[in-house]
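Colleague: give me the fold of what follows.
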Amino acid sequence: MKLRKFSLFLLANLVGLSLMAEGYQINSQSTRQLGMGHLGTALKLGGESMLFNPAGLSFMNSKIDVSLGMTAIFSKVSYTDIAGTWTTDTHNPMGTPIYGYFGFKLSDKFFAGVSITNPAGNSLSWPDNWRGSHLVQNISLKAYSVQPTISYKFSEKFSIGAGLMVDFGSFELNKGLLPVGGLNGYLASPVFPNAYKAIIRSADGITPISANLTGKAGASFGFNVGILYSPNEKWSFGISYRSKVMLDVKEGSTTLSYATPELKTLITTLATPPATSNPLYNPSIAGAVSLDGKAFDASLPVPSNLNVGVAYKATKKLLLSAELQYVGWKAYDSLIIKFTHMTSKSFKNYKNSMIYRVGGEYKACDKMTFRLGFIYDSTPVDKAYYSPDGPGANKISLTAGLTLQPVKKFAIDLGFQYLNGAKTRGALPQTAPMTAFQGDYKTTALLPSLGLRFNF
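Modeller: Residues are numbered from 1 along each chain as shown. Okay, here's the model as predicted:
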């Protein structure tokens, strides 16, 4: 392996920020609606309409409507190499997206509220010394959105609503700057000291040097608007649009770590400039070591969402709904990381994608309601730039839910989603000196959810 080419490798592949979910968008912002496929554009959901369709806020049945909840995400991605002879799994920490909706009736026609949700995020954790450690070891993204909202009801048939989204967040990434065995090219050198060769042999199977990148994104702004139309008591139609928001990381920090003290000594020696008469100097490794302590800037889009839905009250107890969600992932065409002394550009080339949702709820009695749902989520990921930092796949989800309402002003929501991604073969293009990284990926996830609702 020609180690001097690693400077080009680092520039092209330093960091990625796409995560386990299709893209990295979270669609679990209501326990009640998760149970019926996480749809709600054509429904009148009280405070929770602030996310799904702000126009629905106008149909609150009380003066104050509060909804709080959290979803636990247990996800796993399995990787098998192209030969089918080696496999590994992620060991992802539990994700815990939260939500809170606070709606208020100002008059018979004017309604207002504020919500806090996690529109994007999740975690992906591969083994530190797996074959793709030079692409990603682990990555975590957390994004929050605070949305003050207003809604106006023209009549019992028609309403509009709008909200200002204030998004902020943070991320952390670990990845190898040299792959497993990245120093083995020195073993064949007749002039390389035997003591250093012994260090390399003792480190067989581990990632010699890794980078940790952390950063916080300050407040960025977007909007959420919607229309709801109900021609009669049985039918309702809704359309809503959430704009793209750019999360801008300023002055992120970079820290390097070494697998062993002996490797740190060796790599430091290889990175020492020629002014010290070091015949072992490697400018590419010097470039990697120079990242330690450097600040960086980056931007990441939270994509736009266009939602169109229809709901039908089949009977007094049975409600059915269907929805299309068009996600503007094309905004994520590349990821640019700017350091003071270099710029890294990672091509993503995402495409816009569609999510199909159907669901229903059955009110068995005043104190108990059951829900079922189905979701088909098409992947935005370009297989020509397929990376383990964001292994995309077309996904199918089955959902179920239950609401218990012991008293009129309080309800307990339970929801569950099972997600199954299609087995997908993808390859990251060759970037000298690395060959193309390819294999088969399989994603699964379980999402139990708990919510509490109050109205006064």
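Colleague: okay, now the unreliable bits of this structure?
Modeller: For the chain, the stretches with pLDDT under 70 are 1-23, 276-277, 430-435.
Colleague: redo that, cut-off 80
Modeller: Under the criterion pLDDT under 80, the flagged ranges of the chain are 1-26, 121-122, 274-279, 334-335, 341-342, 344-347, 390-391, 429-436.
Colleague: surely Thr424 meets Gly390?
Modeller: No - counting by C-beta atoms under 8 Å, Thr424 does not reach Gly390; the two are 11.6 Å apart. Every C-beta, even on glycine, is put in place using the N, C-alpha and C of the backbone.
Colleague: okay, these two: which has more neighbours?
Modeller: Gly390 (27 against 18; other C-beta atoms under 10 Å).
Colleague: quick one, strands of the stretch 201-350 of the chain?
Modeller: 209-229, 235-242, 245-258, 295-302, 305-313, 318-327, 334-339, 343-347 (DSSP state E, counting those that start in this stretch).
Colleague: so for the third one, what gets flagged as buried?
Modeller: This means strand 245-258. Using 16 or more other C-beta atoms under 10 Å as the test for burial, strand 245-258 gives 245, 247-249, 252, 254, 256, 258.
Colleague: most tightly packed of the strands of the stretch 201-350 of the chain?
Modeller: strand 235-242 (a mean of 21; mean count of other C-beta atoms under 10 Å).
Colleague: so what does that strand touch, helix or strand wise?
Modeller: strand 209-229, strand 305-313 (3 or more C-beta pairs under 8 Å, 6 or more residues apart in numbering; DSSP states H and E).
Colleague: quick one: closest of those to Leu173.
Modeller: strand 209-229 (4.6 Å; C-beta to C-beta).
Colleague: sheet-wise, list the partners of the closest one with their directions.
Modeller: Paired with strand 209-229 in the same sheet, following DSSP bridges, are strand 158-176 (antiparallel), strand 235-242 (antiparallel), strand 245-258 (antiparallel).
Colleague: save the helices and strands packed on strand 235-242 as a markdown table, and put in distance to Thr369 too.
Modeller: As requested, the helices and strands packed on strand 235-242 are exported to a markdown table (distance: least, C-beta to C-beta, whole Å):
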| stretch | distance to Thr369 |
| --- | --- |
| strand 209-229 | 21 |
| strand 305-313 | 14 |
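Colleague: quick one: which of those strands is nearest Gly360?
Modeller: Nearest to Gly360, of those and by C-beta to C-beta, is strand 305-313 at 9.3 Å.
Colleague: who's in contact with the closest one?
Modeller: For strand 305-313, the external contacting residues (C-beta atoms under 8 Å, 6 or more residues apart in numbering) are 25, 39-43, 52-53, 233-242, 319-328.
Colleague: quick one on the thing from earlier: redo the strands of the stretch 201-350 of the chain as JSON lines? Include distance to Gln33.
Modeller: Below are the strands of the stretch 201-350 of the chain laid out as JSON lines (distance: least, C-beta to C-beta, whole Å):
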{"stretch": "strand 209-229", "distance to Gln33": "15"}
{"stretch": "strand 235-242", "distance to Gln33": "13"}
{"stretch": "strand 245-258", "distance to Gln33": "22"}
{"stretch": "strand 295-302", "distance to Gln33": "20"}
{"stretch": "strand 305-313", "distance to Gln33": "11"}
{"stretch": "strand 318-327", "distance to Gln33": "10"}
{"stretch": "strand 334-339", "distance to Gln33": "31"}
{"stretch": "strand 343-347", "distance to Gln33": "34"}
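Colleague: to Pro97, which of the ones you listed lies closest?
Modeller: strand 295-302 (13.5 Å).
Colleague: for that closest one, list the C-alpha coordinates in PDB.
Modeller: Written as PDB, here are the backbone C-alpha positions of strand 295-302 (Å, rounded to 0.1, in the frame of the first residue of the first chain):
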ATOM      1  CA  ALA A 295     -11.300  23.300  14.500                       C
ATOM      2  CA  PHE A 296     -13.800  22.700  11.600                       C
ATOM      3  CA  ASP A 297     -17.100  24.000  10.200                       C
ATOM      4  CA  ALA A 298     -19.800  21.800   8.500                       C
ATOM      5  CA  SER A 299     -23.400  22.000   7.400                       C
ATOM      6  CA  LEU A 300     -26.100  19.300   7.300                       C
ATOM      7  CA  PRO A 301     -29.600  19.700   6.000                       C
ATOM      8  CA  VAL A 302     -32.700  18.500   7.800                       C
END
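Colleague: partner strands of that strand, with direction?
Modeller: Counting by DSSP bridges, the strands paired with strand 295-302 are strand 245-258 (antiparallel), strand 334-339 (antiparallel).
Colleague: ranges for the helices of the stretch 1-150 of the chain?
Modeller: 6-13, 31-34, 49-52 (DSSP state H, counting those that start in this stretch).
Colleague: what's the spacing between Ile336 and Pro391?
Modeller: Counting by C-beta to C-beta, to the nearest Å, the gap from Ile336 to Pro391 is 22 Å.
Colleague: kindly report the same for Phe296.
Modeller: With C-beta to C-beta as the criterion, Phe296 and Pro391 are 24 Å apart.
Colleague: which SS class is the residue nearest to Lys197 when sequence neighbours are not counted?
Modeller: When the adjacent residues along the chain are set aside, Lys197 lies closest to Leu187, with 5.6 Å between them (C-beta to C-beta, 6 or more residues apart in numbering). Assigned by DSSP: H, G, I helix; E, B strand; the rest coil, the conformation of Leu187 is helix.
Colleague: all set, thanks.
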